[in-house]
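J.: Return a 3D structure for these sequence lines:
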Amino acid sequence: MFLKAAAFVSLLILGPAKPATILLDGSAQPCADVKESTSGIPGVHVYAFNAAKIPTIRQSLNALDSLDWENGDPDAMRASVVEYNRLITRVQKAKKLGYAMSNGNGDFEITVQQMDSVLVFGEAKMPGEAFYYSSRVVPAIDKDEVRVILLMCSQQLL
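T.: Model (predicted):
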């Protein structure tokens, strides 16, 4: 009985354990087929989300991936603009685990609590580009750091 009481008191003194965190160490880079720059892209807004808790953002990303607007189909292009605007609205309203803006070298860091998977989403306004975004789902558990490369391109280049 004495040992149980001592263990309980020690837990009260120590308090609840802080959840483990992980560093998302990333870089926003131009697409592989863009040769004019070897450095990263500055000014990219990067958000981290619990991938399991943002189904509407994932739906918008899947919808954008499924639209065949690269061929210049006007209906597909209009639908893409509508869906991209919907995606940005959803990103702005969703609960974020963290946020960063890429520095002059395109690098960013976001510290989040460890979990099964994190959706990292980056977007920027780029002259002449209708859409300039990238996303990746990364595992964020049992590690101290995860490297994330966001290939920022007009999705028309993919």
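J.: How about Pro139: what's its closest non-neighbour residue?
T.: Ser117 (5.8 Å; C-beta to C-beta, 6 or more residues apart in numbering). Just so you know, the C-beta spots here come from the backbone N, C-alpha and C atoms, and that holds for glycine as well.
J.: Tell me who's in contact with the one you found.
T.: Asn50, Ala51, Ala52, Val137, Val138, Pro139, Ala140 (C-beta atoms under 8 Å, 6 or more residues apart in numbering).
J.: Now render the residues you listed as TSV, adding secondary structure.
T.: TSV is the format used below for those (DSSP: H, G, I helix; E, B strand; the rest coil):
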residue	secondary structure
Asn50	strand
Ala51	helix
Ala52	helix
Val137	strand
Val138	strand
Pro139	strand
Ala140	strand
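J.: From those residues, keep the buried residues only.
T.: In the contacts of Ser117, burial by neighbour count holds for Asn50, Ala51, Val137, Val138, Ala140, counting by 16 or more other C-beta atoms under 10 Å.
J.: Between which two of those residues is the distance greatest?
T.: Asn50 and Val138 (12.0 Å; C-beta to C-beta).
J.: list the residues that contact both of those two?
T.: Joint contacts of Asn50 and Val138 (C-beta under 8 Å, 6+ apart) are Ser117, Val118.
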